[in-house]
Every structure is written in C-alpha cells, then in structure tokens.
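Participant: structure of the sequence below:
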Amino acid sequence: MRTSERYVVAIDQGTTSTRCIVFDRRGRLHAVAQQEHHQHYPRPGWVEHDAMEIWQHVRRTAASALASAGITLDQVAALGITNQRETTVLWDRHTGRPVARAIVWQDTRTDELVNALAATPGAESVPKRSGLPLATYFSAPRIRWLLDHTPGLRERAVNGDVLFGTMETWLIWNLTGGAVFCTDVTNASRTLLMDLRSLSWDDELLSFFGIPRRMLPEIRPSAGVLGTATEVFAGVPIAAALGDQQAALFGQTCFTPGEAKCTYGTGSFLLLHTGLEPVASTHGLLSTVAYQIDGAPPAYALEGSIAVTGSLVQWFRDQLGLITTAPEIETLARTVRDNGGCYIVPAFSGLYAPHWRSSARGVIVGLTSYITKGHLARAVLEATGWQTREVVDAMNADSGLALSTLKVDGGMTADNLLMQFVADVLDVPVVRPMVAETVSLGAAYAAGLAVGYWPDLAALRDLWHRAGQWLPDMDPALRTTEYANWQRAVAHTFDWIQPPT
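Facilitator: Numbers count the residues shown, from 1 in each chain. Predicted coordinates for the structure are as follows:
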C-alpha cells in the first residue's frame, strides 16, 4: 500500500453500538469495526448506558478498524464524530469519571418533572427559544433530574466540578485528554438550552431548568477543527462533530432546501433541509440545526422523530420469539397479502412526532382468530411506513413544500417490502444510496471538508450514487382507507398512563 494514500475516519457512537469506519477519497467504506454496549433497564421506562464502557469500545474499535484497513495514524487526514443525540452524561472534571450512568434519549423517567415544568411560568418561551417542545426526549430535563437526585451534585456543578455533555462531548474530552470541552451546534440544539438563532446557551432557558452554566461545553460549528487527539488517534485533527441524524442528512448530501432523508434504525428520523432560517413548526415537528460549516451561517432543518421502528422488529424477535433474525421478518410478512385488519402502534415509551404524547403506550388492534404471525409481521413493518407518513404530512404542512423524493438509509432499508410500502403510503419515489452508512459518511464528509480533504459541497454531492429505488404502486382509495385505520389505531394509545390521583 502506498503510504501517500490518506483516509478519513468516522466514530459512530450509536444507541446500541459504537463503530469506527475508515473512508477513502471516493467516499467508499474501506474498513469497519463495531462493538455493542450493554443496555441497562433498572426500572420501567429507564434506559441507561455506561459511558466508560462506550469510551473503551471507542478505543477497541479504533485499533481494530485501523488494523483492518492496514493503515497507520499518519495516513488519517481527519477524524469525525457522530453520536446518539440527547443522551446525557455528567462527569467529574478532575477524575474524568461519570457521576452516574448516562441517561439515554429513550428514557422517560423525567415525565413527572416535565409535567411540573410545563405548569411553571416561562414554559411557553421554551419552544420559541429552543425550537423544541418541552418533552422527556431532550437533555435538559435529564440534567435537572440528575442534579435533583444525586446528593451534593448541584453544588459541585455550580462550582464547575461537574461537566455535562452529549456523547460527542464526552468522546472529544477523552480523545483530547480533557483539553477540549465542546459540543457542536447540532447536538446543542437538542438540549432545550440553546437559542436556535444565536446558537448560544440561553440564560432564560438555563434559569428555567435550573442548570448551572459552568457545567456546559463550548458550542462550536459542526465542520471545523475542534482540537487534536492525544488519545487513540494521537496527532489526528478532530475536525467534525454532528448528531447522528444531522450527519445522515449531510451524508445524503441534502445541502439544498427542500431535500429530505429518513434514517431507519432503532428509531427513525426524517429531516428536511429548510435553509438559512429556522422554520417554526405548528404540526408537532422539531426545528433544529442541520449543520454549520466553520465560517458559514448555519443551515436549519425540520425533523420528525419516530421513537420505535427497528426496535419494534427487535421486540418481535427477542420478546415474542416469532423470528430468529431481523431479516426474517420480511420473509414472514410475505406469507400473507395484507395485514388482515391488524395494526400495531409501537408507543413503547410514548409517541414522538407529530403527536408528542409521553403518556401513550403501544397497542395491537384488529385482532381476530384469522390473524397469523405473518399478519403480525406485516403489521410490524407497516407501522414504520405509517409513522413515516404522519411525519411527512406534518412536514409538508409546516414547510409549504410537497416532498417529491425521499432519500433513505439505515439498516431497515435492506427490507424491500418495507421500502416499497413507504413509497406506496407516501406516494413518492424512495431512493437508497450506494453507501448505506450515511451517518458515518456524513461525519467523515464534514471532517474531510474541514481539512481540505474534499474541496467543497459540490465535490461531496458528486460522490452520491443511487443504489435502489422504489416507486409508488398502491391504489389511492386503499391508501386513504388504510391510513384512516392507522389513525384510529393511534388514537387508542393516547393517555394510557394516567397521572396519580
């Protein structure tokens, strides 16, 4: 191998695993290493990760990926990081040890706190300033919960001895030996603490949530050199950080207003590029930062977050035991022609966009003695399609645009039956790129762009190639009837969790 050949490395710190991926100049995956981490469920609705375990997995996957690629550190032009968003880590500034397990974005323990905050004066300004609804999904209530429930923690935070970060902040801190304490605008925009227009921590929001400013990282652009690694990638510039869904938007080269992508993973996330000004949603979507390149104004997006899609297939496999591997669900679903009148609404931890009902819980409706496991399998896949339709309808209404094509990525796009169903219910073409790892690719693109590995956005767009396409082929009357049935099923999930009397 020529030592002159250089590469960009992406760390993809996700909800279920950490991966390290090496990309070449043509945007092709050159090597990958992956390691799953433990999911901790100490109580119903609680979801936790061990941040130290994740850091160790970064170390291991990095060494493995570089060895697999057969390259040395001097061949790495830049490092980009993408991460599960909203997951909250608090650690001691002096020891570098977490003060508790990380509270994951799926966790709903802050439900009562959020309800109490919603009744507090000033609650109405939270969405106006942050672009986000006051919900358990975001980081600020988790920080507040830890401060309230860990003896002595608030005093330590006020004194600057305890730091907060989402996963990219935690990893950058560790990669630089504690020298760099920063977050990027995309992750900061998911905390409920950043002013969406000024891109700075907002004093009113900090006061509302009762969070000390001294524990917050510096906010930086998504693409730009954040620091130089001293651990694992010693000497390599850390040149990008993006939340995973914004990274996927970047990796799908959605650089123009009106372009949209949906990533189908544990949950699913649909982002629409809306331009240089945030669009306020009146239909249950999130206004968020899409990305910011150093020296340029930020690009904004509307986002629809769906909590349970791929994890519904995992539930079908692991909890019900009706399949042994996730890909088998397509084979099982193809044993029947339709869902047999059965619908599954997977509100396992409430409903996200466009409903935002944390008190909702999942339902299966339309059960009769006719229903087989094949019908249930089809209903599992159709749940993802219909949830996508709900988000797209909201997005079209908010943006004033009509979605013409949906770019898709993520593990579930390997399911051809599902992708065809998504095209059918949206009534637009669905396209999948040649490189399916668009989250990691987006982090690599942003990092490479920051150090001149790639010259500009046009060069990145030239690297995008279509690998698959599904065209809509559903009778419009059937689409209308089935969507109405789905919406009736969703209504049955509302307010299942009742407040204590």
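Participant: how far away is the residue lying farthest from the centre of the chain from C342?
Facilitator: Largest separation from the mean C-alpha position in the chain: S369, at 38.2 Å (Cα atoms, centre = their mean). Separation of S369 from C342 (Cβ to Cβ, to the nearest Å) stands at 12 Å. To be clear about C-beta, it is placed using only N, CA and C from the backbone, and glycine gets the same treatment.
Participant: now do A402
Facilitator: 31 Å.
Participant: for C20, same thing?
Facilitator: Counting by Cβ to Cβ, the gap from C20 to C342 is 41 Å.
Participant: output the below-cut-off pLDDT ranges for the protein.
Facilitator: 1-4, 500-501 (pLDDT under 70).
Participant: buried ones in the biggest helix by length in it?
Facilitator: Using DSSP state H to define each element, the chain has its longest helix at helix 373-399. Applying a neighbour-count criterion of 16 or more other Cβ atoms under 10 Å, one finds 374-395, 398-399 buried in helix 373-399.
Participant: contacts only, for E437.
Facilitator: By Cβ atoms under 8 Å, 6 or more residues apart in numbering, E437 lies in contact with 12, 21, 29, 32, 251, 409.
Participant: so which of these is the most crowded?
Facilitator: Most neighbours among those, by other Cβ atoms under 10 Å: G251, with 32 neighbours.
Participant: which phi and psi does it have?
Facilitator: Phi and psi for G251, reported as degrees, to the nearest 10, are phi -70, psi -30.
Participant: hang on, it packs against A447?
Facilitator: No - here G251 lies out of contact with A447, judged by Cβ atoms under 8 Å, at a distance of 11.7 Å.
Participant: so where do the strands sit in the stretch 101-250 of the chain?
Facilitator: With DSSP state E, counting those that start in this stretch as the criterion, the stretch 101-250 of the chain has strands at 102-103, 162-165, 182-184, 194-195, 200-201, 218-220, 223-228, 237-243.
Participant: closest to I81 out of those strands?
Facilitator: With respect to I81, and counting by Cβ to Cβ, the nearest of these is strand 237-243 at 4.7 Å.
Participant: got the contact list for the closest one?
Facilitator: The contact list for strand 237-243 (Cβ under 8 Å, 6+ apart) reads 78-83, 85, 166, 168, 172, 175-176, 180, 182-184, 186-187, 190, 220, 222-229, 250, 291, 442-443, 446-451.
Participant: please compute how far that strand lies from its chain's middle.
Facilitator: Centroid separation between strand 237-243 and its chain, computed with Cα atoms, centre = their mean, to the nearest Å, is 16 Å.
Participant: in that strand, what counts as buried?
Facilitator: Quick answer for strand 237-243 (16+ other Cβ under 10 Å): 237-243.
Participant: list the strands paired with it, with their directions.
Facilitator: Here strand 237-243 has these sheet partners by DSSP bridges: strand 76-83 (parallel), strand 223-228 (antiparallel).
Participant: okay if I get these as JSON lines plus distance to V114 and mean neighbour count?
Facilitator: What follows is the strands paired with strand 237-243, written out as JSON lines (distance: least, Cβ to Cβ, whole Å; neighbours: other Cβ atoms under 10 Å):
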{"stretch": "strand 76-83", "distance to V114": "23", "mean neighbour count": "29"}
{"stretch": "strand 223-228", "distance to V114": "31", "mean neighbour count": "22"}
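Participant: okay, these in JSON lines with distance to C262 next?
Facilitator: Output for the strands paired with strand 237-243, formatted as JSON lines (distance: least, Cβ to Cβ, whole Å):
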{"stretch": "strand 76-83", "distance to C262": "17"}
{"stretch": "strand 223-228", "distance to C262": "22"}
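Participant: out of those strands, which comes closest to L146?
Facilitator: strand 76-83 (18.8 Å).
Participant: list the helices and strands the helix or strand just after that closest one packs on?
Facilitator: Counting by DSSP states H and E, the element after strand 76-83 in chain order, helix or strand, is strand 89-92. Strand 89-92 sits against helix 153-158, strand 162-165, helix 167-175, with contacts defined as 3 or more Cβ pairs under 8 Å, 6 or more residues apart in numbering; DSSP states H and E.
Participant: I'd like the distance from strand 89-92 to the chain centre, please.
Facilitator: Distance, stretch centre to chain centre, for strand 89-92: 21 Å (Cα atoms, centre = their mean).
Participant: pull out the buried residues from it.
Facilitator: Buried residues in strand 89-92 (16+ other Cβ under 10 Å): 89-91.
Participant: could you do stretch 105-124 as well?
Facilitator: 105-111, 113-114, 117.
Participant: now those residues in JSON lines, with distance to P141?
Facilitator: Output for the buried residues of stretch 105-124, formatted as JSON lines (distance: Cβ to Cβ, whole Å):
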{"residue": "W105", "distance to P141": "12"}
{"residue": "Q106", "distance to P141": "14"}
{"residue": "D107", "distance to P141": "10"}
{"residue": "T108", "distance to P141": "10"}
{"residue": "R109", "distance to P141": "9"}
{"residue": "T110", "distance to P141": "4"}
{"residue": "D111", "distance to P141": "9"}
{"residue": "L113", "distance to P141": "5"}
{"residue": "V114", "distance to P141": "5"}
{"residue": "L117", "distance to P141": "7"}
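Participant: any idea which of those is closest to L286?
Facilitator: Comparing the buried residues of stretch 105-124 against L286 with Cβ to Cβ places W105 closest, at 12.7 Å.
Participant: tell me which residues touch the residue nearest to that closest one when sequence neighbours are not counted, please.
Facilitator: Of all residues not flanking W105 in the chain, E86 sits nearest, at 3.9 Å (Cβ to Cβ, 6 or more residues apart in numbering). By Cβ under 8 Å, 6+ apart, the residues touching E86 are 105, 137-139, 142, 166, 190-191.
Participant: with R97 instead?
Facilitator: 52, 91.
Participant: do that again at 7 Å, thanks
Facilitator: R97 sits next to W91 when contact means Cβ atoms under 7 Å, 6 or more residues apart in numbering.
Participant: now T108
Facilitator: 45, 136, 349-350, 358.
Participant: run through the bridge partners of A31.
Facilitator: Beta-bridge partners for A31, by DSSP bridges, are V22.
Participant: quick one: neighbours of it, just the number.
Facilitator: Per other Cβ under 10 Å, the neighbour tally for A31 reads 19.
Participant: do the same with R25
Facilitator: By the criterion of other Cβ under 10 Å, R25 has 16 neighbours.
Participant: where does it sit: helix, strand or coil?
Facilitator: coil (DSSP: H, G, I helix; E, B strand; the rest coil).
Participant: so for A402 and C342, which sits in the more crowded spot?
Facilitator: Set side by side, A402 and C342 show unequal neighbour counts under other Cβ under 10 Å, the larger going to C342 at 22 against 10.
Participant: so the more buried one touches L367, yeah?
Facilitator: Yes - counting by Cβ atoms under 7 Å, L367 is a contact partner of C342 at 6.2 Å.
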